[in-house]
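A.B. asks: Following is a predicted model, sequence given first.
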Amino acid sequence: MAIFRPDANPETDCLDGILRMTDSDLSWSTIRTGVLGDIIGADALSSSELRIESDASQDKWYWLTRGVVGFNTVSIPNDITILSATLSLYGVVKRDHLGITPNINIYSTTLTNNTDISPTDADLLTNYQAFGNTAFSTAISYASWDATGWNNFVLNQNGIDYISKTGVTNFGIRNANYDVAGIEPAWTANEEAYLTWWAAEYLDGIYAPKLTVNYTTSTLTAGNFAVVETRLHYVSADSVERYIPGIIIGDAVNAVGNVAVVEERIQYVGATSSKERYWLGTLIGDAINPAGSIAVVENRMQYVDTSNKERYIKGVPV
């Protein structure tokens, strides 16, 4: 397991902060896209926030804030499998004077500079428009947001796959039910709704955002197979671990943990489930191995079916 946190200002590798679109009489579409108005960036505040604020004019908006948090995840070994990851924010306060119950979720984002959220005005616009729309976790509702404790976003597979093993991983923090959805909130003049969390600058970072990554290192020697977390793992001759995701197909016919070739598929039964999983073989040509045998050739798992045709299942480096 590894825990990562952003740097406090002045940053050396990564940051946390906010990007805020603000101006008078902005439509909801305009304030979301950032095509008009002023964009403000801040990465030295003691807290960060999501904020939606209305203007005095009917159905016009004054303020929309999004959060950014970066983690230098380069220390994660390239040859490991990430089993799970959680992004945690320590809540400070929440207010909903608009009566719109905004929620919050985690998304992708990029920065033009990983240690400066606002080098130039052009960078501010680029950064504000860089937030993704694919949810990396389950949104936390306004009611469930803990304003005095940790709020934990368990990352889904998209979020796990997004984590970089070669540099900084930047996450975007957005309101999901209005900002991401593109749905205009119910308007009330000069009111606001927000959720806030502590930043790396507060109290020497003891409540700073954190990314907790659980992973497993390879314990296999070259050429060996193992079933780990419903995936078939093996280590190639160059000691790179590869895997093939398993697909659930039904009840077990093999003993738990066994691997077998059945009907052009490699099958096994998970250790914690009676469900059988399989990897579908692809026909590649005449056999060079005895029927029913399994071998690893050029990073592919190969076997021979009863018709003496060789099939393969390609491994994915992890």
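C.D. replies: Good, I have the coordinates. Residues are numbered from 1 along each chain as shown.
A.B. asks: Tell me where the chain is predicted with low confidence.
C.D. replies: 217-221, 223-243, 245-276, 278-279, 287-288, 292-293, 295-306, 310, 312, 314-318 (pLDDT under 70).
A.B. asks: Any chance you could give me the helix ranked longest in it in CSV, C-alpha atoms only?
C.D. replies: The longest helix of the chain (DSSP state H) is helix 121-128. Presented in CSV, the C-alpha positions along helix 121-128 are these (Å, rounded to 0.1, in the frame of the first residue of the first chain):
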residue,chain,number,x,y,z
ASP,A,121,-4.4,33.8,-18.5
ALA,A,122,-4.3,31.3,-21.4
ASP,A,123,-3.3,28.5,-19.0
LEU,A,124,-6.2,29.3,-16.8
LEU,A,125,-8.7,28.9,-19.6
THR,A,126,-7.0,25.7,-20.8
ASN,A,127,-7.0,24.3,-17.3
TYR,A,128,-10.6,25.2,-16.6
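A.B. asks: from what I can see residue 214 touches residue 1, true?
C.D. replies: Yes - counting by Cβ atoms under 8 Å, residue 1 is a contact partner of residue 214 at 5.1 Å. In short, each C-beta sits where N, CA and C put it, glycine included.
A.B. asks: Which one's more surrounded, these two?
C.D. replies: residue 214 (13 against 8; other Cβ atoms under 10 Å).
A.B. asks: is it true that the more buried one lies in a strand?
C.D. replies: Yes - assigned with DSSP: H, G, I helix; E, B strand; the rest coil, residue 214 falls within a strand.
A.B. asks: who are the neighbours in contact with it?
C.D. replies: 1, 82-85 (Cβ atoms under 8 Å, 6 or more residues apart in numbering).
A.B. asks: make it 7 Å
C.D. replies: 1, 83-85 (Cβ atoms under 7 Å, 6 or more residues apart in numbering).
A.B. asks: so of these, which ones are in helices?
C.D. replies: Per DSSP H, the contacts of residue 214 never map to helices.
A.B. asks: Turn those into TSV, including distance to residue 76.
C.D. replies: As requested, the contacts of residue 214 are arranged in TSV below (distance: Cβ to Cβ, whole Å):
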residue	distance to residue 76
1	11
83	12
84	13
85	10
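A.B. asks: so which of those is the most crowded?
C.D. replies: residue 85 (25 neighbours).
A.B. asks: What's opposite it in the beta bridge?
C.D. replies: On the basis of DSSP bridges, residue 85 takes part in beta bridges with residue 213.
A.B. asks: coming back round to it: looking at the contacts of residue 214, which one is closest to residue 52?
C.D. replies: residue 85 (28.0 Å; Cβ to Cβ).
A.B. asks: just checking, that closest one touches residue 155?
C.D. replies: Yes - counting by Cβ atoms under 7 Å, residue 155 is a contact partner of residue 85 at 4.5 Å.
A.B. asks: Helices of the stretch 1-150 of the chain, start to end?
C.D. replies: With DSSP state H, counting those that start in this stretch, the ranges of helices along the stretch 1-150 of the chain come out as 28-33, 121-128.
A.B. asks: Including mean neighbour count, could those go into TSV?
C.D. replies: As requested, those are exported to TSV (neighbours: other Cβ atoms under 10 Å):
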stretch	mean neighbour count
helix 28-33	18
helix 121-128	17
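A.B. asks: Quick one: closest of those helices to residue 182.
C.D. replies: Distance to residue 182, taken as Cβ to Cβ, is lowest for helix 28-33 among the helices of the stretch 1-150 of the chain, at 6.7 Å.
A.B. asks: could you say what helices and strands the closest one packs with?
C.D. replies: strand 61-72 (3 or more Cβ pairs under 7 Å, 6 or more residues apart in numbering; DSSP states H and E).
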